[in-house]
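In: sequence isn't available, so here's the structure alone:
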C-alpha cells in the first residue's frame, strides 16, 4: 500500500536500507528514512505543508539533523520547512532524478564536521588603553580634545580610535585563525555585531583532524585567555557550508 502522507525533510544520508530512528521531529512525529540506492532522506510524517520560521520549529529541525549525525552518519542538511507530498514523490524527484547531484554534493561533507569558534575581548577598557598606548597620533588628538573639547575634536579622536580598533581586531583575528585554517578544508566568517567580537567563524574540518583542531583551540586559550574569551562549538552538522534546496511539491 502506497504511503501518501506528507513528509517533512531534514537531511540526506548514505543508507541503503529504510530504518526508523529513536527520535521525534516536527510536531512530535517519529523520524525515519526513505531509501533508494545508496542514499536516504531522513523525514517525519507531516500534515502541514509549510512551517513558520519560529524557534520551536527551527530547533526541532536542527536537533534531528544533529542526532542523526551523532549516530555516525555524514549528513547533507535540507533547507528548513521543506515538505514533500508523499514517499513516492521523494523517491522520484530526489533519490532517483537527483542521484548524480547528491553524489557530487555529498563529497563536500563526507568525512567532515563543522566546528565553530567565537572570540571576544573580555575588557574593552583595557583594549582602548592598549590602543591609545600604541598610537602616538591618538595620544596627541586626545590631549588636544581635552584642552579644547570641541565637537569636531572629540569626533576626530573617536574616528582614530575606531580605525585603530578595527586594525587591532584584524591583527588578532589573523593570529587566532591562522593555525586553525591550516586544518580546515573550508572556512566561513559569520556576521559580527559590536566592537567586543574579534571573530565568529565556522570551519569544515576532516574528522581525522578534529583532535588536532581541539588541541590548537586549547593552546589559543592558554595563550590569550587573560584577554580573550573563546566559545568553541562542535562537532555539528555542516549547516554553514551546504544546504540542499529541494523542490518536491
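Out: Structure received. Small disclaimer: the values here were computed from a predicted structure and weren't measured. Numbering: from 1, shown residues only.

In: can you pull out the strands in the protein?
Out: Shown for the chain, the strands assigned by DSSP state E span residues 6-14, 20-24, 30-36, 39-46, 76-77, 83-84, 112-121, 186-189, 197-206, 228-236.

In: if we look at the last one, which residues are touching it?
Out: In other words, strand 228-236. Identification of contacts with strand 228-236 by C-beta atoms under 8 Å, 6 or more residues apart in numbering yields 66, 69, 113-122, 172, 176, 198, 207, 210, 217, 220-221, 224. From N, CA and C alone the C-beta is placed, and that goes for glycine too.

In: could you turn the buried ones of these into a ChimeraX selection?
Out: The ChimeraX command for the buried members of these (criterion: 16 or more other C-beta atoms under 10 Å) is given here:
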select :66,69,113,114,115,116,117,118,119,120,121,172,176,198,210,217,220,224
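
In: number of nearby residues for the nearest residue to residue 29 once chain neighbours are set aside?
Out: Once flanking residues are discounted, residue 29 sits nearest to residue 44: 3.9 Å by C-beta to C-beta, 6 or more residues apart in numbering. Other residues within reach of residue 44, judged by other C-beta atoms under 10 Å, total 23.

In: wait, what's in contact with residue 44?
Out: So residue 44 contacts 7, 8, 10, 24, 25, 26, 27, 29, 30, 31, 32, 64 (C-beta under 8 Å, 6+ apart).

In: can you say which of those residues are buried?
Out: Members of the contacts of residue 44 classed as buried by 16+ other C-beta under 10 Å are 7, 8, 10, 25, 26, 29, 31, 32, 64.

In: which residues of this protein fall in helices?
Out: Along the chain, the segments classed as helices by DSSP state H run 55-70, 87-90, 99-109, 124-134, 136-147, 151-181, 210-224.

In: which stretch in the ones you listed has the least confidence?
Out: Between the helices of the chain, the lowest average pLDDT goes to helix 136-147, which shows a mean of 66.

In: before we move on, the earlier item: what's the closest of the helices of the chain to residue 241?
Out: helix 99-109 (6.6 Å; C-beta to C-beta).

In: which residues does the closest one contact?
Out: For helix 99-109, using C-beta under 8 Å, 6+ apart, the contacting residues are 12, 14, 37-39, 74-76, 94-95, 204, 238, 241-242, 244.

In: for ChimeraX, write a command that selects the buried ones of those.
Out: Here is the ChimeraX command that selects the buried residues among the contacts of helix 99-109 (16+ other C-beta under 10 Å):
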select :12,14,39,74,75,76,94,95,204,238,241,242,244
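
In: closest to residue 59 among the contacts of helix 99-109?
Out: residue 75 (16.6 Å).

In: rebuild the helices of the chain as CSV, extending it with distance to residue 81.
Out: Shown next, in CSV, are the helices of the chain (distance: least, C-beta to C-beta, whole Å):
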stretch, distance to residue 81
helix 55-70, 7
helix 87-90, 16
helix 99-109, 20
helix 124-134, 39
helix 136-147, 50
helix 151-181, 33
helix 210-224, 31
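
In: which of the strands of the chain comes out lowest on mean pLDDT?
Out: Minimum mean pLDDT among the strands of the chain: strand 83-84, a mean of 87.

In: what distance separates it from the centre of its chain?
Out: Put simply, strand 83-84 sits 24 Å off its chain's centre (C-alpha atoms, centre = their mean, to the nearest Å).

In: partner strands of that strand, with direction?
Out: Sheet pairing of strand 83-84 (DSSP bridges) gives strand 6-14 (antiparallel).

In: next, the angle helix 99-109 makes with the strand it pairs with.
Out: Counting by axes from the mean of the first three to the mean of the last three C-alpha atoms, to 10 degrees, strand 6-14 lies at 60 degrees to helix 99-109.

In: centre of the chain to strand 6-14, how far?
Out: Taking mean C-alpha positions (C-alpha atoms, centre = their mean), strand 6-14 and its chain are 20 Å apart.

In: and if you look at stretch 207-214?
Out: 17 Å.
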